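Q: give me a 3D structure for the following:
(one chain, ligands or ions: 1)
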Amino acid sequence: MKNRIKALVALVLISSLQLKADEGMWMPLLLKKYNYEKMKAMGLKLTPEQLYDVNNSSLKDAIVWFNGGCTGEIISDQGLVLTNHHCGYDAIASLSTPQDNILDNGFWAKSFAEERPKPGMWVSIVQRMDDVTDKVMSQLQGVAEKDRPAKLQAIYKQLTDEAVKGTHYEAQVREMFKGNAYYLFVFEKFTDIRLVGTPPQSIGKFGGDPDNWVWPRHTGDFSMFRIYAGKDGKPAKYSADNVPYKPKHSLPVSIKGIKDGDYAMVYGFPGRTNRYEFSNGIQLAQDKVNPTIVALRDIRLKAWKEVMDKSEADRLLLSGTYASIANYWKYFIGQTEQLKRLKVYEGKVADEKKFTDWAKGKGEFETVLPNVQKAYDAYIPFALQRTYLSEGLFGIGISGIAFSMYGYETAKDTASANKVIAMANQNIDAFYEEFFAAADEKIMRQILLMYYNNIPKEQQAPYMATILKKGKTPEEAINKFAAEVYAKSLFANKEKFKAFLAKPNAKSIAKDPAYAMVKSFYENYLNNYKPKVDEFNAAVAKEGRAYVKGLMEMNPTKTFYPDANSSLRLTYGSVQGYEPKDAVKYDYITTLDGVVEKHNPKDFEFNAPQRLLDLYNAKNFGQYALPNGKLPVAFITNNDITGGNSGSPVINGEGQLIGLAFDGNWEAMSGDIVFDEKYKRTINVDIRYVLFLIDKYGQAENIINEMKIVR
Ligand code: ARG
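A: Predicted coordinates:
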């Protein structure tokens, strides 16, 4: 009887575990304590030590932090790294020339000697992570809130110095739970990284901006690099004598295939989430900040698109930056739409109501939400100042160039003035590389007019008055001013600026119209608004810390996970389709048939290469086809990821690679603030598509032969 009850309880427990949401970006060293039983019940076959171990090799040794913004995974014992195409994009583009256009044509190294070194790139591998909360907290006793950031920096320095002393490692301390916990991470960083392979961007970026953030997807979003080390196996500067890195672990690759409901986990470096955001922050984002970012980026994107549509060379030149502006332009449109649709604000208000009830009479917590309200009340009237500075003023190309002389015009001595000139001389080509005066003039006109219309008059930069004097209406005045800038400013063309740098003088800078504008806008922010922004941020950080602490006390049996902060995390769940809206069902997998359906030779974003179409027509899919003969392209899982997870391995219950995470889906674009169980999905490229492209499309058998393929 007793045993039967036990069995029953176990059954209920396991099934409830299986049904629960798969929300959470968990810290690997805590998986054993908090998540392991649930992961096992869902289909994990590995031990906790196989996921994360400090003394023996484990999955973590195959996960690399890729160039600071992405994740990659090691898939051979020769240091072969797989990541997304959009993570390798800048490297691939900068290794391309019109004569040797690997961005458009693709590239497959047929031997180590053909690989292309890319100076400046790096990857880091986590050696260990430690809870240093007590060490940090004990030194924060009695430190005033305003001194806290500086004190933290000093503590971090001491802890990281201590951690890497006598080694070639690097270390970082990361704040967790908004400052309620601290963890130390020790890394080994490699800087000799070489490009091994990439499909053409018509595959690696197939679907471009229209398909970005959207399922169903048909993008072969991967590229491959190799880590090189010195002969001793340790990190070394680039040298032709360096050798492929021998990793402690590399991921086997499974082409056995996946089905709905299969266990799947994603291991990587998620960048930033804000899951403990206050309702005030959500309201401000959806009503004001997000729409402003979108409108300001709209202006830039339209002006650039005109340039790109007119010339193939200019399209190649601008496409990298254009894609990154467009990526978050679309992100903020989606976030706003989904915050509203999923009533995220209302949900937060309800959570906060519960917190308020609980916090009554608890001194430390009782004041949290009222203080947050006060901080927002004070901040909201000028909340757009920062957005207009970064996305507005500095969205105008000439502003950035003119601002490079700020240090010169305001220099206190010749030495520092000379330094600024030397810097400008060094960077002048980069300044003008993506500068198109006519497009920039259009951008300036529209951004200044938007600023004039939307920023309260008493908050506007003093130089606005000078601009407005130039015409009868604000629009006419702004247009005249803009025309004058691009006709007269010494920053409006590279030759003029170069001539100036050869014989610099502060006077001509001070009277330059572009410079006068940027200086006035910048100083208006610096002197009048930055102090308030800092004060607001400090207040919200302090209350956020107390809020998370309170939530933990209020829910003592719940396991919390910290917001993403570019530190190593693991999220687990399963392969799963979804229903985006009434009567519509999305399958969990796409195939090459969809590429052919979307193919359009007149649209560069959907123009699949002929060679791929030929392989499709010949049905030459080899061992990579589905049982129904189709070739898989992408699939979705319900894993909890965000930007920074790009390139992360999707791993099955046996620890084998089944895909690479590369995007989120439209219906859950509010995911960085709230994880929505019903809609949140991770979009992955299927490893079988990756192998097909290397093998059949690229004919790089040498690369395939390096991997350990499980059939
Ligand atoms: N949305 C993807 C991410 O943020 C990037 C996709 C890049 N592709 C593009 N069309 N911009 O990870």
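
Q: doesn't Y406 make contact with K519?
A: Yes: assessed by Cβ atoms under 8 Å, K519 is found in contact with Y406 at 6.5 Å. In this view, the C-beta of every residue, glycine as well, is placed from N, C-alpha and C.

Q: who has more neighbours, these two?
A: Set K519 next to Y406 and count neighbours by other Cβ atoms under 10 Å: K519 wins out with 21 against 16.

Q: who touches the more buried one in this structure?
A: 403, 406, 409, 463 (Cβ atoms under 8 Å, 6 or more residues apart in numbering).

Q: burial check on the residue nearest to K558 when sequence neighbours are not counted, number of neighbours?
A: Nearest residue to K558 in three dimensions, chain neighbours excluded: M552, at 7.9 Å (Cβ to Cβ, 6 or more residues apart in numbering). By the criterion of other Cβ under 10 Å, M552 has 14 neighbours.

Q: begin at 2 from now on, thanks
A: Yes, from this point I'll number from 2; that puts the last item at M553.

Q: sketch out the low-pLDDT regions of this protein for me.
A: 2-22 (pLDDT under 70).

Q: still on that earlier bit, show me what the helix or strand the residue nearest to K559 falls within is packed against.
A: In this assignment (DSSP states H and E), M553 forms part of helix 531-555. On a contact count with 3 or more Cβ pairs under 8 Å, 6 or more residues apart in numbering; DSSP states H and E, helix 531-555 meets helix 345-360, helix 364-367, helix 369-380.

Q: rerun at 6 Å
A: helix 369-380 (3 or more Cβ pairs under 6 Å, 6 or more residues apart in numbering; DSSP states H and E).

Q: name the residues that touch the helix it packs on?
A: Residues from elsewhere that reach helix 369-380, judged by Cβ atoms under 6 Å, 6 or more residues apart in numbering: 279, 281, 353, 357, 537, 540-541, 544, 547-548.

Q: neighbours of K586, how many?
A: For K586, using other Cβ under 10 Å, the count is 9.

Q: repeat that for the one 4 residues further on.
A: Using other Cβ under 10 Å, I590 is surrounded by 22 other residues.

Q: I figured it hits F636, correct?
A: Yes: at 4.5 Å, I590 counts as touching F636 under the criterion of Cβ atoms under 6 Å.

Q: which pair of the contacts of helix 369-380 spans the longest distance?
A: T357 and F537 (21.5 Å; Cβ to Cβ).

Q: ok, these two, which is more surrounded?
A: For T357 versus F537, the count of surrounding residues by other Cβ under 10 Å is larger for F537: 18 against 14.

Q: contacting residues for that one?
A: 376, 380.

Q: how much space between it and Y530?
A: F537 sits 10 Å away from Y530, going by Cβ to Cβ, to the nearest Å.

Q: also N291?
A: 20 Å.

Q: and E146, by the same measure?
A: 21 Å.

Q: ok, those two, which is more surrounded?
A: Applying other Cβ under 10 Å to E146 and Y530 shows that Y530 carries more neighbours, namely 18 against 11.

Q: which residues does the more buried one contact?
A: 383, 386.

Q: please redo it, this time with the cut-off set to 8 Å
A: Contacts of Y530 by Cβ under 8 Å, 6+ apart are 383, 386-387, 460.

Q: please apply the same query to E580.
A: E580 touches 586-587, counting by Cβ under 8 Å, 6+ apart.

Q: which positions in the stretch 302-451 of the chain make contact with the ligand?
A: 324, 327-328 (Cβ under 6 Å from any ligand atom).

Q: give me the subset of these lying in helices.
A: Counting by DSSP state H, the part of those found in helices is 324, 327-328.

Q: between those, identify the one with the most neighbours.
A: That'd be A327 among those, by other Cβ under 10 Å, with 19 neighbours.

Q: not counting sequence-adjacent ones, nearest residue to that residue?
A: Among residues not flanking A327 along the chain, D210 sits closest, at 4.9 Å (Cβ to Cβ, 6+ apart).

Q: quick one, phi psi at the closest residue to the ligand within the stretch 352-501 of the chain?
A: Nearest residue of the stretch 352-501 of the chain to the ligand: E435, at 16.5 Å (Cβ to the nearest ligand atom). When read as degrees, to the nearest 10, the backbone of E435 gives phi -110, psi 30.

Q: so what's it up against?
A: Here E435 is in contact with 318-319, 322, 398 (Cβ under 8 Å, 6+ apart).

Q: isn't T388 up against V290?
A: Yes: contact criterion Cβ under 8 Å: T388 and V290 qualify, at 5.7 Å.

Q: so which bits of this protein are right by the ligand?
A: Counting by Cβ under 6 Å from any ligand atom, the chain sits next to the ligand at 87, 206, 209-210, 213-214, 324, 327-328, 644, 647, 664.

Q: in space, what's closest to the closest residue to the ligand within the stretch 452-601 of the chain - neighbours in sequence excluded?
A: As assessed by Cβ to the nearest ligand atom, the ligand sits closest to A565 within the stretch 452-601 of the chain, at 13.1 Å. For A565, ignoring the flanking residues on the chain, the nearest one in space by Cβ to Cβ, 6+ apart is P271 at 3.6 Å.
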